[in-house]
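Novice: the following block contains a protein sequence and its predicted model.
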Amino acid sequence: MKIALVAQHATPLPTDNTAGSGQANESRLRELSRSLASNGHRVTVYAQRHASTLPARTELEPGVTVEYIGPADGRADHTAEADLLRQLPEFSRPLHERWRAERPDVVHAVRWTSGLAALAAARDLRIPVVQTFDSLGVAERRHHVMPLDAGVERIRLEPAIGRSASAVMAGSSDEQTDLARLGVPRRHIRVVPCGVDTDEFTPEGPVAERGTRPRLVTIADLSEHDALANLLHALSKVPGADLVVAGGPPREELRSDLNFRRLAKLADTLGVSGQVSFAGQVGRAALPPLLRSADLLVNVSDYDPSGITSIQAMACGTPVIASAAGGQADAVLDGTTGIVVPPGRPALLAQRIRQLIGHPMMLEAFSVAAADRARSRYSWDRIAAETIAVYDTARDIAAMAA
């Protein structure tokens, strides 16, 4: 199968091995492309050419080619939705010309601006378009991730994109429900979660240095102040445990970061400064050893559409306590691979943490179950197989509509 993977926002370079939210998304794009290619399919990734240093065409992996489309625009922020929309005509027209000359069997668009471009480029060519949103604007607004005065065009257009696509891949049950409420037919929606590299994230391997006290780890952007404040309040009721907060700017730049200073002041006020260490930004190579060093990953994000950090921790054999939000509610099996708690309940969170770290046998059982679930449900081999099944369904739907 010839697969056109449209990711206007991405810069998927072979040498990109950094960590962070944007880089993590591009890592997932590479993993999906690689897994599809390993199944014998030819994958071409189409991204916006936002810098003159980017090649017009490069090989990302064997069987995976990246093409950068459009003129380089040094004024544009290739992750800003307004800039992506402004450059949409210069992006979609070349796509149409390429696909008319060499027709792909299926187009898979990642994020909403890519969906607009893919639908415009595929018009009149009778190519099925599969859509992945990664995160929906209505969900971001509901969880206060998006300001009320932002994302107007996105919220208006995402339902139309979902209804126009041959199939939509939701990352979680929550997203599936939101898509149905937006008018996307349920028969066109398939839940296909984010995958994890089970060779990289595995219980075996190096372990970050730690002390003898129970260790909690959380991976979060320091701007998630309310969620992290709740965790610090919970920690004040868990004496004897240490917490590592990973995320934000590099460690040497933390003291100049306003979010860090606010959280550090709160930790001091709560009397837990001696229990908390802020690790700053954690590189990709350092993440598995850090997760392996934890007795528990505590993921308190109010909104986590993919639940990827919880999945990575489980793949390392680390049980998870997570907020019942987004992809985490699907990933963490409550009472089996970890515990799910309602957001904004620090006293209950503290009780659940004490319950687990006070019962090593339960922690061990959760650890084994977590690693098994990550391997069986979230390996890229399985995610690729489910993605291909969606492509086949979309082709069938498009053929019946022709």
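Specialist: That came through fine.
Novice: switch to C-alpha atoms for all contacts and neighbour counts from now on
Specialist: Will do.
Novice: spatially nearest residue to the spatially most central residue of the chain, not counting backbone neighbours?
Specialist: For the chain, the residue nearest the mean C-alpha position is Ser306 (4.7 Å; Cα atoms, centre = their mean). Once flanking residues are discounted, Ser306 sits nearest to Gly327: 4.5 Å by Cα to Cα, 6 or more residues apart in numbering.
Novice: what of Val191?
Specialist: Ala170 (4.6 Å).
Novice: so what's the residue count around that neighbour?
Specialist: Under the neighbour criterion other Cα atoms under 10 Å, Ala170 is assigned a count of 27.
Novice: show me what contacts it?
Specialist: 132-134, 176, 189-193 (Cα atoms under 8 Å, 6 or more residues apart in numbering).
Novice: let me know the closest of those residues to Ser301.
Specialist: Asp134 (16.2 Å; Cα to Cα).
Novice: surely the closest one touches Asp304?
Specialist: No - using Cα atoms under 8 Å, Asp134 is not in contact with Asp304, being 10.4 Å away.
Novice: neighbour-wise, which of those two wins?
Specialist: Between Asp134 and Asp304, counting by other Cα under 10 Å, Asp304 is the more crowded of the two (22 against 18).
Novice: for that one, report the pLDDT, please.
Specialist: As predicted, Asp304 sits at a pLDDT of 89.
Novice: look up how far Asp257 lies from it.
Specialist: For Asp304, the distance to Asp257 equals 23 Å [Cα to Cα, to the nearest Å].
Novice: can you pull out the strands in the protein?
Specialist: For the chain, the strands defined by DSSP state E occupy 2-6, 42-48, 57-61, 64-69, 106-110, 129-132, 167-170, 189-191, 215-219, 242-246, 276-280, 296-299, 320-323, 338-341.
Novice: so which bits of the third one are buried?
Specialist: By that I understand strand 57-61. By neighbour count with 16 or more other Cα atoms under 10 Å, strand 57-61 contains the buried residues 58, 60-61.
Novice: any chance of the residues you listed in TSV, plus distance to Pro203 and pLDDT?
Specialist: Listed next are those as TSV, based on distance: Cα to Cα, whole Å; pLDDT from 0 to 100:
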residue	distance to Pro203	pLDDT
Thr58	34	93
Leu60	28	89
Glu61	27	89
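Novice: out of these, who's nearest His233?
Specialist: Using Cα to Cα, Leu60 comes nearest to His233 of the buried residues of strand 57-61, at 44.9 Å.
Novice: so that closest one touches Thr44, yeah?
Specialist: No - between Leu60 and Thr44 there is no contact under Cα under 8 Å: 9.4 Å.
Novice: okay, the nearest residue to Glu67 once chain neighbours are set aside and Leu84: tell me how far apart.
Specialist: Nearest residue to Glu67, sequence neighbours excluded (Cα to Cα, 6+ apart): Arg57, at 4.5 Å. Noted for Arg57: a distance of 20 Å to Leu84, by Cα to Cα.
Novice: ok, now which ones touch the closest residue to Ser273 other than its chain neighbours?
Specialist: Among residues not flanking Ser273 along the chain, Ala267 sits closest, at 5.1 Å (Cα to Cα, 6+ apart). For Ala267, the contact set (Cα under 8 Å, 6+ apart) comprises 232, 273, 276.
Novice: okay, domains of this structure per the record?
Specialist: Per automatic domain parsing, the domain ranges recorded for the chain read 2-195+380-401, 215-378.
Novice: now do the end-to-end distance for the longest one.
Specialist: Across its full length, domain 2-195+380-401 reaches 21 Å end to end, with Cα to Cα as the criterion.
Novice: how far out from the middle of the chain is that domain?
Specialist: Remark: domain 2-195+380-401 is offset 14 Å from the chain centroid, using Cα atoms, centre = their mean, to the nearest Å.
Novice: looks like Thr202 contacts Ala315 (just checking).
Specialist: Yes - here Thr202 reaches Ala315: they are 5.3 Å apart, a contact under Cα under 8 Å.
Novice: neighbour count winner among these two?
Specialist: When neighbours are counted by other Cα under 10 Å, Thr202 and Ala315 differ, and Ala315 comes out ahead with 33 against 23.
Novice: residues in contact with that one?
Specialist: Contact partners of Ala315, counting by Cα under 8 Å, 6+ apart, are 196, 198, 201-203, 370-375.
Novice: so what pLDDT did Ser236 get?
Specialist: Reported pLDDT at Ser236 in the predicted model: 97.
Novice: how many residues are close by it?
Specialist: Going by other Cα under 10 Å, the residues that sit close to Ser236 add up to 19.
Novice: with Gly327 instead?
Specialist: Gly327: 25 neighbours (other Cα under 10 Å).
Novice: repeat that for Arg255.
Specialist: 12.
Novice: same question for Ser223.
Specialist: Look at Ser223: counted by other Cα under 10 Å, it has 16 neighbours.
Novice: so how far is Arg186 from it?
Specialist: For Ser223, the distance to Arg186 equals 35 Å [Cα to Cα].
Novice: now do the contacts for Leu148.
Specialist: Contact partners of Leu148, counting by Cα under 8 Å, 6+ apart, are Arg141.
Novice: what distance do you get for it to Ala80?
Specialist: Leu148 sits 17 Å away from Ala80, going by Cα to Cα.
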